[in-house]
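K.L.:
below is the sequence, then the predicted model.
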Amino acid sequence: MDTEILNVEDAVSYEDIITKTEIHSYLPYLSGPYPLSSEIRIAVQNQDIYTVPCNSFLQFRGTLLKDDGDIPTTTKIVRNGILHMISKISYELNGIELDQTRDVGITCTLKNYLSLTHNQLPAAKMAGWGIEPDYKLSLYAGGRFEICIPLAMVLGYAEDYKHIIIIAKQELVILLANTQVNALLDTSNQPENVTLSIHTIEWLLPHVQVNTAERIRLLKFVEKGTNIDVAFRSWSLETYPNLTQSQNINWNVKSSFAAEKPRYIIVAFQTNKQNDIRADRSTFNHAKIKNIKVLLNSESYPYLDMNADFENGRYLLAYQMYAQYQQSYYGQLSSPILGPSEFKNIAPLFVFDVSRQDDRINTGVIDCKIEITAAENMPANTQAYALIIHDRLATYNVRDKVVKILV
């Protein structure tokens, strides 16, 4: 019997360390609307505060209008479309780049298909996300839109590091893409001439206040000059911009030091989707993949061949590898947002859990290669993406305001 039921003398305790939580709004140095290719910086200059970046949001407001000022009738913003307007976002701590995400639209679309659960889908609609086949971002009067995206959907640092930031300058740097086309979809015979504009961006950052005893404890911690470890998993997207029109393709993805250890590798394909308003950039193609393997040096993942045949409904192993991601990555019961049919038609992702690695590949340099076998030659204009989720470790010294990237 559990002896906890016998502890009738235990005192009642209350959670009163945090006395107040407030959401503060931080704006860029320059006001919008922001032209394509703009660099936008949002800084937190006040360092005498405790902030919680992992619970922060990015709020975007803007418009989608035809050239004559009317609301479009055939053009829509695709799922995650506003993030397709961003080529890079980075988080800086005391002037040092701690984490970054490149090709933000593709990277975060892949990550959302993997990470979101059914219970999270209603809230994800506020972030410009949905899995309905005819999904489009809602427009209000005057062609206005407004979305609020958790920073944890955009940066691995915000998803994994669940602690406050003490007495440090913080800055988000957002680099807009050079085209709006990848955020839009218009399948009509005569696509409309439209402009997608971002007028305002706000960083909604929680501040916390603590009771006197905790404040004194934190001040003493700062005075000691102790280094704080900041460990998280960063997301790096590698792209093969135009696959050779062959059935067998060997892709030398990248080489990295063993300390920057890959944990998960997600491979996806798109055909005739880049920079084409008639194609939905938030969906992917199975490209008639038959077998696909990741090689870290000589270690192969998975051990078995997939022997997939998407055209005839044989892709069980690929779907199982996708469906098991949440349990492996988060240690929670998996509840993937895509069923087998949606997986095939919307986002057939090839997910490789490489977190368990032989000692032989944990030293020196790790060469990452992907072997691809298709049922027929790859179509022209097919891109391959490899989202590599890898370890990242930094330290920051609150007293000396020194940030060091270790991995």
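P.N.:
Nice, I can see it.
K.L.:
which stretches in the stretch 1-150 of the chain count as helices?
P.N.:
Counting by DSSP state H, counting those that start in this stretch, the stretch 1-150 of the chain forms helices over residues 104-115, 121-124, given from the N-terminal end onward.
K.L.:
what do you get for the stretch 151-300 of the chain?
P.N.:
Taking DSSP H, counting those that start in this stretch as the criterion, the stretch 151-300 of the chain carries its helices at 156-160, 212-224.
K.L.:
nearest to Ser188 among these would be which one?
P.N.:
The closest of the helices of the stretch 151-300 of the chain to Ser188 is helix 156-160. By Cβ to Cβ, the value is 37.8 Å. (Glycine included, C-beta is placed from N, CA and C.)
K.L.:
give me the residues contacting the strand or helix carrying Ile370.
P.N.:
Mapping Ile370 onto the secondary structure by DSSP states H and E places it in strand 365-374. Residues lying outside strand 365-374 but in contact with it, judged by Cβ atoms under 8 Å, 6 or more residues apart in numbering, are 243, 247-258, 261-262, 265, 267, 287-297, 384, 386, 388.
K.L.:
strand partners of the next helix-or-strand element following that strand, parallel vs antiparallel please.
P.N.:
Following strand 365-374 in sequence order, the next helix or strand is strand 382-397 (DSSP H and E). Sheet neighbours of strand 382-397, with direction, are listed as strand 227-240 (antiparallel), strand 262-271 (antiparallel), strand 402-405 (antiparallel) (DSSP bridges).
K.L.:
need those strands in JSON lines (columns: mean neighbour count).
P.N.:
Conversion of the strands paired with strand 382-397 to JSON lines gives the following (neighbours: other Cβ atoms under 10 Å):
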{"stretch": "strand 227-240", "mean neighbour count": "18"}
{"stretch": "strand 262-271", "mean neighbour count": "22"}
{"stretch": "strand 402-405", "mean neighbour count": "14"}
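K.L.:
now do the contacts for the nearest residue to Leu387 once chain neighbours are set aside.
P.N.:
If you skip the residues right next to it in sequence, Leu387 has Ile266 as its closest partner in space, 4.2 Å away by Cβ to Cβ, 6 or more residues apart in numbering. When the contact criterion is Cβ under 8 Å, 6+ apart, the partners of Ile266 are Leu110, Leu114, Leu349, Phe350, Val351, Phe352, Tyr385, Ala386, Leu387, Ile389.
K.L.:
dig out what Ile266 forms beta bridges with.
P.N.:
For Ile266, the beta-bridge assignment (DSSP bridges) gives partners Val351, Leu387.
K.L.:
measure it to Arg392 for me?
P.N.:
Separation of Ile266 from Arg392 (Cβ to Cβ, to the nearest Å): 17 Å.
K.L.:
same question, Val173
P.N.:
Per Cβ to Cβ, Val173 is found 17 Å from Arg392.
K.L.:
again with Ser188
P.N.:
Between Ser188 and Arg392 the computed distance is 44 Å (Cβ to Cβ).
K.L.:
and those two? which has more neighbours close in?
P.N.:
Between Ser188 and Arg392, counted using other Cβ atoms under 10 Å, Arg392 has the larger neighbour count: 23 against 11.
K.L.:
just give the nearest non-adjacent residue to that one, would you?
P.N.:
Of all residues apart from its sequence neighbours, Ser234 sits closest to Arg392 (Cβ to Cβ, 6+ apart), at 4.1 Å.
K.L.:
and if you look at His207?
P.N.:
Closest residue to His207 apart from its sequence neighbours, by Cβ to Cβ, 6+ apart: Glu22 at 5.0 Å.
K.L.:
what's near enough to touch the one you found?
P.N.:
With contact taken as Cβ under 8 Å, 6+ apart, Glu22 is in contact with Pro206, His207, Gln209.
K.L.:
run a quick neighbour tally on the nearest residue to the last one once chain neighbours are set aside.
P.N.:
What sits nearest to Gln209 in space, not counting adjacent residues and going by Cβ to Cβ, 6+ apart, is Lys20, at 4.2 Å. With neighbours defined by other Cβ under 10 Å, the count for Lys20 comes to 9.
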